[in-house]
Structures are given as C-alpha cells and as structure tokens.
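Undergrad: Below are the sequence and a predicted model for it; my questions follow.
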Amino acid sequence: MKIVNVVLLLCLSVTRAQGDHTGGPENDAKHSLGEPGPAGGCVSDGAILTELRALRDMVADQRVQLSGQVEEMRRDNAALEARLNLSEHHVEELKAENEGRPKVAFYTALTNSGHVGPFNTETPLVYSKVFTNIGNAYSPVTGVFTAPVRGVYYIRFTALGYSSPRTVAGVTMFKNDLQIMHNGVYNTDGQHKFVVNAVTVELEQGDKIMMRLPSGYGLYDDISNYTTFSGFLLFPM
C-alpha cells in the first residue's frame, strides 16, 4: 500500500509539473481533467485525492481500534492489580491469624533402659526422651502434658511388650483423674506385642493428660523408641 501511495504522489507531482512547463493552457486543461500528458500513464488528481482520503480514513479507523485495545489493556491491568492487592491482603490476614494462634506439639519416648515393670501398683509413666516440645506443655519431670489453651487436641501413644510369655503389656490414659482409655495385650506366644491408639479430646486450659502403667503390666523401650507418647493442638476454642 505504501508503494502505491508513493507512485500516486509521484504521478500527481509529474502531472502538475507537466501542466506548468508544457507552456500551453490547453495542455494544462487536459492534465487538470485527468487526461494523460505526453508522458502518459498517470491517474487524475481526483483519483489521487480519493485514494488519500481512503488512506486517511483507514488510519483514523486503526487509531480508534488501537485506542480501544489500549483502554482494554488498562482495564485488564487494573483488574489484575485489584486481584493481586486482594490476594496480598488475604495472605497478610492469614499470616496475622497464624502468628496469633498458639502452637502446641510434643513427641516423647519412654526410656533407653529396656524393661519397665511389672510393678505391684499402678505407676505413672515418665517419658524421659523429649524430641519435640513446642509450647513446653509436656514435662519430662512428671510425664504430664498440660493444655496451655482451651481447644481440641490429638493425643497418641505406642507401647511395646517384650517377647516374654505369660506377660501383659499395655497402658492407661488419664485426663486429670478420669481414665479415658486403656489398651493392653496378653503375650501367649513369646513374641513382641505392640499396642497403638489415639484419641481426639477437648481440653480446658490447665487440663492434664498422663499415661500410667497398670499393676502387673510391663513395657519395653530402648534407643529404637518403641514406646512413645505424643500429641498436638488441632485447633483452639
């Protein structure tokens, strides 16, 4: 299109030049009416002007289209920026909520000494190997977990009975002075016996969870950490 425009403009220039220098009004009149001059082949001034107007209109249309596209891009960018700001706001809210939320989790194992029990009376179990104690809610001195906040907690234990026949392995879980779970297994074949269980329990601030070894029961633990006591806060209330 650009080449055609240049040719048309050249033709217009040549036509006017010929009208100025051929020296005859008749010749000028013919050129102004669009008739070919001595060189021949060029279109009339009117056709050139029509073409130029068409080009002008086309440029104007393209300018309008481009303006619309730019405006649409601005709107899209504004929408993206608004969504980004909203997402950042939500992240900040979650971060603030997480920072204010109490963090409680513990994981312990009983001992490296091997056999524990049996005893003639029910005996508190003190899990002396503390691997995790976030919030310091578990005491390795007493073996008691104390809820630092009111909420729902997940409490779990594992217990191993050594491979001795005619022995009983198991534990009892207490909430304060209330027994909330007992699990035990009688060894009849001289094989290792595992007991594993867990509870989801609602605790008030200051409530205590502890494990006790029933009278006549025995457990085993060593560096392999067979007998464990663990838990964490699911959510505060």
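TA: Great, that's in hand. Numbers count the residues shown, from 1 in each chain.
Undergrad: which residues in the protein form helices?
TA: Here the chain has its helices, by DSSP state H, at 2-21, 25-32, 45-100.
Undergrad: Now find how far off-centre the last one is within its chain.
TA: Pointing back at helix 45-100 there. Chain-centre distance of helix 45-100: 29 Å, with Cα atoms, centre = their mean, to the nearest Å.
Undergrad: what residue ranges in the protein score low on pLDDT?
TA: 1-43, 96-98, 164-166, 190 (pLDDT under 70).
Undergrad: Break it down into its domains, please.
TA: 2-98, 105-236 (automatic domain parsing).
Undergrad: Just say which of these is most tucked in.
TA: Compared across the domains of the chain, domain 105-236 shows the largest average neighbour count, a mean of 17 (mean count of other Cβ atoms under 10 Å). Where you see a C-beta, it was placed from the backbone N, CA and C, and this is true even at glycine.
Undergrad: where's the residue nearest the centre of the chain relative to residue 99, distance?
TA: In the chain, the residue lying closest to the centroid (Cα atoms, centre = their mean) is residue 91, at 9.9 Å. Noted for residue 91: a distance of 12 Å to residue 99, by Cβ to Cβ, to the nearest Å.
Undergrad: do the same with residue 143
TA: With Cβ to Cβ as the criterion, residue 143 and residue 99 are 31 Å apart.
Undergrad: for residue 176, same thing?
TA: Counting by Cβ to Cβ, the gap from residue 176 to residue 99 is 31 Å.
Undergrad: Surely residue 191 is in contact with residue 161?
TA: No. Judged on Cβ atoms under 8 Å, residue 191 makes no contact with residue 161 at a distance of 9.2 Å.
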